[in-house]
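Engineer: Need the 3D shape of this:
(chains A, B, C and D)
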Number of protein chains: 2
Amino acid sequence: MKEVKIKKGQIIQRKGDLKSKVYQVETGLLRSYSIDQKGKEHIYMFAPENWIVADTVSPESPCELFIDALEDSIVIQIEKDITTISDNQKLINRIEVLQKRIIMLMSASAIERYEHFIQTYPDIVQRVPQKMIASYLGITPQALSTLRAEIAGK
Amino acid sequence: MKEVKIKKGQIIQRKGDLKSKVYQVETGLLRSYSIDQKGKEHIYMFAPENWIVADTVSPESPCELFIDALEDSIVIQIEKDITTISDNQKLINRIEVLQKRIIMLMSASAIERYEHFIQTYPDIVQRVPQKMIASYLGITPQALSTLRAEIAGK
DNA sequence: TGTATTTATTAATCTACATGAATGTACGGG
DNA sequence: CCCGTACATTCATGTAGATTAATAAATACA
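Structural biologist: Residues are numbered from 1 along each chain as shown, chains lettered A, B, ... in the order given. Alright, predicted model coming up:
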């Protein structure tokens, strides 16, 4: 459990790594993402101040996600095996976010997902390039650009 | 914390209900699902024996999901506010499942998601109608039918 | 400060999957 | 045992969003 500085662009976890850790973001902005067979990135989650980033896989199995910094950041690094993840209110909050995300992915159009995103994370919209928002929403940057033009021109 | 019998088809929680509970499935099979603006159902999760079904929204806010029984079932009903949800290993397992589900929804085709589903939940495939699997995968029953024909005929 | 590289926009085409409709099949209750 | 309803399949058509490509704009950085 120690504080670590991470430079923008620096990757702190890769798919396949063992003993992945939990990171509590103090300042800055991280993201976790997967890369599919075609080499395409899919952002799983943004983690600004006070969020936690972690790859939740069973301990000792290789991790699924990459994690890197979108801004210079300071994080607290927590070992997973120690049951420091004992704050189950945080876990429940996390589950709530994921539940909402799954429902949105299954039942909402790209426009609806975008509008939900800017309402839910208004600050993040300002801080990351559009292509990353597209990646989070599960669409291409081109589709996001077009969709934004539609919203603006109505 | 008491045992409850639920008949097939019986709805035990509706969207908008307050004080939703946590259900531990003893025998049988439940599902949780959302209904979108167009009235379309989207299955969020199946819950066979030993699984937990719950709508994880912050306590006292109205819930998002419907829960009903796909088979006659026996469940243990747990009040949420009591911090009986203290088993955080279960919460972490749940997060793991959700993480995988999000990544699949974002990066895999319908065929890939179906193949992943039958590998991961081989027993559930036998126990529910296809249209429910389609709903879980985020596709229509017609699309699932076509896709199965493709897989069979190759 | 100028040049290179990433990012955003726009448009044309393509494709996975949705929608709607018709037909067949299985199931469950009287 | 029969009938009605739910479920599965197939096909024709529609559409959201992907892909490719070309250009413009913003950013980094030497």
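Engineer: What strands flank the helix or strand encompassing A:Ile12, and is each parallel or antiparallel?
Structural biologist: Using DSSP states H and E, the element containing A:Ile12 is strand A:11-13. Partner strands and pairing direction for strand A:11-13 (DSSP bridges) are strand A:66-69 (antiparallel).
Engineer: Quick one: mean pLDDT for the partner strand?
Structural biologist: The average pLDDT within strand A:66-69 is 96.
Engineer: Is that strand in proximity to DNA strand C?
Structural biologist: No: counting by CB under 7 Å from any atom of the strand, DNA strand C has no neighbours in strand A:66-69; the shortest distance is 12.0 Å. C-beta coordinates here come from the backbone N, C-alpha and C atoms, glycine included.
Engineer: Show residues contacting that strand.
Structural biologist: A:6-15, A:23, A:28-35, A:53, A:55 (CB atoms under 8 Å, 6 or more residues apart in numbering or on different chains).
Engineer: Okay, buried residues for the strand holding A:Ile12 please.
Structural biologist: Using 16 or more other CB atoms under 10 Å in any protein chain shown as the test for burial, strand A:11-13 gives A:Ile12, A:Gln13.
Engineer: And the helices in chain A, which stretches?
Structural biologist: Ranges of helices in chain A, per DSSP state H, are A:88-107, A:110-120, A:122-127, A:130-137, A:141-152.
Engineer: tell me what the first one is packed against?
Structural biologist: So the one you mean is helix A:88-107. Judged by 3 or more CB pairs under 8 Å, 6 or more residues apart in numbering or on different chains; DSSP states H and E, helix A:88-107 is in contact with helix A:110-120, strand B:30-35, strand B:41-47, helix B:88-107.
Engineer: Out of the ones you listed, which gets nearest to A:Leu65?
Structural biologist: helix B:88-107 (7.9 Å; CB to CB).
Engineer: average pLDDT for the closest one?
Structural biologist: Helix B:88-107 comes out at a mean pLDDT of 93.
Engineer: Ok, stretch A:15-27 next?
Structural biologist: 92.
Engineer: Off-centre distance for it?
Structural biologist: A distance of 12 Å separates the centroid of the chain from that of stretch A:15-27, by CA atoms, centre = their mean, to the nearest Å.
Engineer: Could you tell me the end-to-end distance of that stretch?
Structural biologist: Using CA to CA, to the nearest Å, one end of stretch A:15-27 lies 24 Å from the other.
Engineer: Stretch A:147-154: which residues count as buried?
Structural biologist: A:Leu147.
Engineer: Now do that stretch, average pLDDT.
Structural biologist: 88.
Engineer: what sits up against that stretch?
Structural biologist: A:Ala110, A:Ile111, A:Tyr114, A:Glu115, A:Gln130, A:Ile139.
Engineer: how close does the most centrally placed residue in chain A sit to B:Ser73?
Structural biologist: The centre of chain A sits closest to A:Met45, judged by CA atoms, centre = their mean, with a distance of 1.5 Å. The gap separating A:Met45 from B:Ser73 is 33 Å, by CB to CB, to the nearest Å.
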